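In: how would this look folded up:
(chains A and B)
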Amino acid sequence: MRARRTGRLGVACLLLQQNTSVNRTMAVALRVLLVDRRSARLSTLRAVIADAGYDVVDVVSDEADLYDAMERLAPDAVIVGADSPSRDVLEDVATLGERYPKPLLMLSSQDDRRLMAEASAAGISAYVMEGLSPALVRSLVDVAVRQFQQVETLRRELAETRETLADRQVINRAKCLLMEREAMSEQQAYARLRKTAMDHSLPLAEIARRVMTRAAE
Amino acid sequence: MVTACSEPGFFVSATGGHDTQARNAMKPSRSHRPLERSALTLGFVPLTDCAPLIAAQSAGFFAEEGLTVTLSREASWAAIRDKVAFGLLDGAQMLAGMPIAATLGVGAPPQAMVTALSLGLNGNAITVSEALYGRLVAADPEAMSERPCTARALKRVIDADREAGLAPMTFAMVHPASAHNYQLRYWLAAAGIDPDRDVRLIVVPPPRMVANLEAGRIAGYCVGEPWNQMAVRAGLGRVLITGYEIWRNAPEKVLGVTRDWAERHPNTHRALVRALVRAARWLDEPANRRGIVTRLAAPDRLDAPAEAIRGPLVGEFRHAREATSVSLPDFNVFHRYAANFPWCSQAMWFITQMLRWGQIVGALDIAATAAAVYRPGIYREAVADIGVACPDTDTKSEGRHAEGWALATNDGAIAMGPDRFFDGRVFDPADCLGYIAETQPTARTARLAELAQVNPSNRSSVAG
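Out: Here you go, the predicted model:
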């Protein structure tokens, strides 16, 4: 297994010397295993990493037997969701011998450290074989981080959109309630809500929610 | 597996901490030392023994020290270590062996970490499946009726399985640098079981232990609460021995920060240690322990049933579903017995275990490494004005006391708990090499001759 790996990496390093940017041809040398709790996030990550030219050997749920997966697939690198409890399993696998990937806590330079901190913040952890080309690893982590950040941005935007919709609904309902109970016009009801919100330095939706709660009591 | 670093210049910032006069002269005054940083984020793992962090927050000890703390629940010890290393967390609850492993680069690239505070003692247990328990009782009823329970019956079952050509049984623990790993290995090895050859030892995240036991993927495990009580309550497993019985009042979790963070935030570090010591002292009151249960059970904390958390925390422990609870008041110790003091000697014990099981390859200065990571000097400064007595020495022997004893200090005597190992072995920090030599089942990676070269006699004042 050692020889197989060294051979592949040898080619990768040779290519790296000829061309400093990571391209598809050389990246093929790196065999990547993806481990995550959320399957939806995984399948897009798989596509993006494969598209960057890496060889995704498998995608496994973090509840799978990772000892078996690591033994069977012998990946050069593992990308795992940083929020996965199975990271401690990978930590143990790393102690089993040289032929298993090690936690990529940090690489040598300040830039690498920044990248790893960014990865950690984005929710990515990486385990890599010792002696891999830093450029290949860096690029792999970078691709995964960008993908996770995109997913996170989308998720946040969706949540915000939902919130805005919900806010608008509750403001409307509170307005109707005031119009009905206090015999106000729509404009008056809205003005009342807004003034109360400003007086209490609270968001309009929060005041609307309170109006509705009080009405329900 | 990384060769340990042992150049002399490596441990430049180690503090001796022996000089009592100097210590008194430096007695800090809370109001005169501005905090370098007051808003902190601390990591914790959902286990009963994160209680001091939760208590410091809810009972207001952080606030009283001028700290605004955000507690961040983390899914793994690896995440804790990385986030502390990257500065995403200021500090965190850590396995007692973790700052040492991180500093030495055991299992990961080296990152210098320190601890000035032990968060508590004990809290683990070894549970086996009902099926294995049945086999153990059948194989050696006499051994199984002894207390504390040894692994002698298990040895018989393992030998029988081997003769029958069966694959070794799988046992689980929570992390290579965990006290759980070292306790389980210690218990197995004491019965002549080689944890690396006679069984398969794997890591399973605590919340998944019970499911793995139920599915038959593991035969037993060593874990903290509530994950033993959960198996017992469900009738899926039985507790054979508690961590407390394996090694009375063993160090368990610590507050870990990077060495760099500690050097840049000395006042904040002391304030943090002080707040957590006060919280731990507060948790010594039975009423407060009962009160913290519902906070621990909350969805954003342990997210586990309050009944499973309550038992062990208030000292009522069940070994089996049909058994009545036994009283184990020291199952979790948060403050008494100088529980918060970061004993360099206990760090040395962890290092002997890392050497014993081949996690550290090559030689290192055991005492210097321990003193660079475990920092009793910072602890003493931190608690100087809150009426907590401190040991005068940084080391003590382990295993000499079957009962409680008194540790004399310049601040008066400290009531200490027993420190016996279940097999009666004694750990003398002044003779780590002898300890390794007598416990190592086979000549593993730690070569004693090399170790002897970098460990010139470390005999110094040893308490107990």
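In: okay, CA-based contacts and neighbour counts for the rest of this
Out: Noted.
In: Need the three-state assignment for residue B:176.
Out: Here residue B:176 is coil, with the state taken from DSSP: H, G, I helix; E, B strand; the rest coil.
In: Could you point out which residue ranges in the chain have low pLDDT?
Out: All of this is about chain A. Low-confidence segments of chain A (pLDDT under 70): A:1-28, A:39, A:105-111.
In: um, chain B though
Out: If you take pLDDT under 70 as the line, chain B has these spans: B:1-32, B:440-446, B:457-464.
In: who's in contact with residue A:56?
Out: Counting by Cα atoms under 8 Å, 6 or more residues apart in numbering or on different chains, residue A:56 touches A:31-34, A:46, A:49-50.
In: Need those in CSV (columns: distance to chain B, secondary structure and neighbour count).
Out: Listed next are those as CSV, based on distance: Cα to the nearest Cα, whole Å; DSSP: H, G, I helix; E, B strand; the rest coil; neighbours: other Cα atoms under 10 Å in any protein chain shown:
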residue, distance to chain B, secondary structure, neighbour count
A:31, 21, strand, 18
A:32, 19, strand, 26
A:33, 18, strand, 24
A:34, 17, strand, 23
A:46, 22, helix, 22
A:49, 23, helix, 21
A:50, 26, helix, 17
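In: ok, which residues in chain A are in contact with chain B?
Out: Near chain B, the residues belonging to chain A are A:82-89, A:91-92, A:94-95, A:97-98, A:102-106, A:113, A:116-117, A:120-121 when assessed by Cα under 8 Å from any Cα of the partner chain.
In: re the thing from before, show me which pair in the contacts of residue A:56 is furthest apart.
Out: With Cα to Cα as the measure, no two of the contacts of residue A:56 lie farther apart than A:31 and A:46, at 12.1 Å.
In: and residue B:201, helix, strand or coil?
Out: From three-state DSSP, the assignment for residue B:201 is strand.
In: Surely it and residue B:188 touch.
Out: No: at 11.0 Å, residue B:201 and residue B:188 do not qualify as touching, with contact defined as Cα atoms under 8 Å.
In: what packs against the lengthiest helix in chain A?
Out: Assignment by DSSP state H gives helix A:134-181 as the longest helix of chain A. Helix A:134-181 sits against helix A:39-51, helix A:110-122, strand A:124-128, helix A:186-199, helix A:204-216, with contacts defined as 3 or more Cα pairs under 8 Å, 6 or more residues apart in numbering or on different chains; DSSP states H and E.
In: Pick the most buried one from those.
Out: Most buried of those by mean neighbour count (mean count of other Cα atoms under 10 Å in any protein chain shown) is strand A:124-128; its value is a mean of 25.
In: Kindly state the domain boundaries assigned to the chain.
Out: In the absence of a named chain, chain A is used. Split into domains by automatic domain parsing, chain A comes to A:2-156, A:162-216.
In: To clarify, I was referring to chain B.
Out: Taken from automatic domain parsing, chain B resolves into B:2-121+B:253-284+B:334-395+B:432-454, B:124-246.
In: how about JSON lines for those, with distance to residue A:138 and mean neighbour count added?
Out: Listed next are the domains of chain B as JSON lines, based on distance: least, Cα to Cα, whole Å; neighbours: other Cα atoms under 10 Å in any protein chain shown:
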{"stretch": "domain B:2-121+B:253-284+B:334-395+B:432-454", "distance to residue A:138": "16", "mean neighbour count": "21"}
{"stretch": "domain B:124-246", "distance to residue A:138": "27", "mean neighbour count": "20"}
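In: JSON lines for those, including distance to chain A?
Out: Formatted as JSON lines, these follow (distance: least, Cα to the nearest Cα, whole Å):
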{"stretch": "domain B:2-121+B:253-284+B:334-395+B:432-454", "distance to chain A": "5"}
{"stretch": "domain B:124-246", "distance to chain A": "5"}
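In: Spit out the contact partners of residue A:60.
Out: With Cα under 8 Å, 6+ apart, residue A:60 has these contacts: A:33-36.
In: For residue B:423, find the nearest of the domains of chain B.
Out: Among the domains of chain B, domain B:124-246 comes nearest to residue B:423, with 7.1 Å by Cα to Cα.
In: From the chain's centroid, how far away is that closest one?
Out: 19 Å (Cα atoms, centre = their mean, to the nearest Å).
In: wait, residue A:193 sits on residue A:207?
Out: Yes: judged on Cα under 8 Å, residue A:193 makes contact with residue A:207 at a distance of 6.8 Å.
In: From what I see, residue B:289 and residue B:312 are in contact.
Out: No: the criterion here is Cα under 8 Å, and residue B:289 misses it with residue B:312 at 10.6 Å.
In: Looking at these two, which has the bigger crowd around it?
Out: residue B:312 (26 against 17; other Cα atoms under 10 Å in any protein chain shown).
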